[in-house]
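> Predicted coordinates and the sequence they were generated for:
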Amino acid sequence: MTQITEKKSYRIYLAGPIHGCNESQRSFWRRRIRDKWGDKFDFIDPTDQLVSSQTSDDAAYEIISKDQQAIKECDAVLANMWKESIGTAIGIVHAKLEGKLVAVVDPNHLGSRVLAFYADVVSDKEDDAVRQLRALLMHQSELRSVIKRKGRPNAKFSRETLAASIRKACQAAKREDLIVPVKVVPLVIERLLEGGRVKAGQVTTTDIRSAVWAVLAELEADPLRGREFAGVRQAWGDYDKKEKSDSLRQEMILKQASAILSDTPFKIAVEAGKAHTTIWGVHVQSLDDIPLPARTIFQEIARVKGIARIHFGAFTWGHREERCRVELIASKTPALIEGKCFDGGEKGNLQTFQIYVLDESKTELIRQSLMQHLGRQGLLRLVE
């Protein structure tokens, strides 16, 4: 049996009623959990940064946005339903949409069958719910990484990624994209862990796909609930084929991308917008007009064959980065690649630019070449 190493840094979101509660009702149980279990978990406590108790749309938006972000960043949710709470129930649904584990504490025996459906654990005692959640997290931790095909780098196993891919299959099959993953994900993980497929913490993509296929086949054959799952298995198979096709296409693009890189920069046209200035406080007419270190990045961009010109557009103070880097974004406009340069300048620290290519059909090839080349040198900032 695989040796399980307990992870000390699981992040648990403490969900529970807040609106209409006094300070003790909001915080007492959360503080107790944090004090007792703080050596086992990192807790995300929404009462640490409470949004002002106002009723405006802006306040509601801020609350929902913070909750969603916190749930995305956690490994699991512990929801204390000591009384009915719309916000907590919605948070549980958000958690399942993200593929997270959920434990519901039901101390007053509300007995909600709907919440029980979405929960991985239901208990009337807080500590018991935490223990069960901890056991599930440790058990799942046996699945540490996924072995990719054809020499591609291994990836960390992600319950969230598995849930997202099943949701895509549901959407393609025009089926419920929340209920199906809630049922499928835990069954797939159990099948992988109990089927002897996990070796030294690793599992192959083929094993994952086979497990999903088998679970969907069993659920589809269920005489009572099979209709809910009908068509998802076929959509999963189609999705798998498309992913393989996209992967092969990506590999081909990357191979071609390496072939269009020159040893020295090409001489390309550079122009500024109507303001005739940039964040650096100069009117850029050539690569040499760009101050260092940004000049180095644009010289590297100019090493890629097929670029017609670079156009510098609007600029702002934006978000200050620790070092000069660029973002590259696929544009809806033909023969164009959108970009952002993050650098400290006299007029700002975010400079937009556009890369115009000579051949529209090679736009994506050129973008991939730029991403690959700049990424290797640490000059690329990944889009958040």
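Perfect, I can see it now.

> Tell me the secondary structure at Val146.
strand (DSSP: H, G, I helix; E, B strand; the rest coil).

> can you count the residues close to it?
Neighbour count for Val146, taken as other CB atoms under 10 Å: 18. For glycine as for every other residue, the C-beta is placed from the backbone atoms N, C-alpha and C.

> i'd like the first residue to be 472 from this point on
With 472 as the first residue, the last one maps to Val617.

> Excluding covalently adjacent residues, which one is nearest to it?
Distances taken as CB to CB, 6 or more residues apart in numbering place Ala626 nearest to Val617, at 4.9 Å, with adjacent residues excluded.

> Quick check, the one you found in contact with Ser616.
Yes: between Ala626 and Ser616 there is a contact under CB atoms under 8 Å: 6.6 Å.

> Out of the two, name the residue with the larger neighbour count.
Ser616 (15 against 12).

> Just list the residues touching the more buried one, thanks.
Asn625, Ala626, Lys627, Phe628, Gly672, Gln673, Val674 (CB atoms under 8 Å, 6 or more residues apart in numbering).

> Recalculate using a threshold of 6 Å.
Residues in contact with Ser616 (CB atoms under 6 Å, 6 or more residues apart in numbering) are Asn625, Lys627, Phe628, Gln673.

> quick one: the strands in the stretch 672-821 of the chain?
In the stretch 672-821 of the chain, the segments counted as strands under DSSP state E, counting those that start in this stretch are 673-675, 740-743, 778-787, 796-801, 807-813, 821-828.

> Return the set of buried residues in the longest one.
Yep, that's strand 778-787 we're talking about. Buried residues in strand 778-787, counted by 16 or more other CB atoms under 10 Å: Ile778, Ile781, His782, Phe783, Gly784, Phe786.

> again with the second one
Of the residues in strand 740-743, those buried by neighbour count under the rule 16+ other CB under 10 Å are Val741, Glu742, Ala743.

> export those to a markdown table and tack on distance to Ile772 and pLDDT?
Shown next, in a markdown table, are the buried residues of strand 740-743 (distance: CB to CB, whole Å; pLDDT from 0 to 100):
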| residue | distance to Ile772 | pLDDT |
| --- | --- | --- |
| Val741 | 10 | 91 |
| Glu742 | 15 | 89 |
| Ala743 | 16 | 85 |
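
> which one of the residues you listed is nearest Gly487?
Taking CB to CB as the measure, Gly487 lies nearest Ala743 of those, at 54.2 Å.

> just checking, the closest one touches His782?
No: between Ala743 and His782 no contact is recorded; they are 7.7 Å apart, counting by CB atoms under 6 Å.

> Find the residue ranges of this protein scoring beneath the pLDDT cut-off.
Applying pLDDT under 70 to the chain flags residues 472-479, 521-530, 620-623, 710-730, 745-747, 854-855.

> what's the neighbour count on Thr735?
Count around Thr735 with other CB under 10 Å applied: 8.
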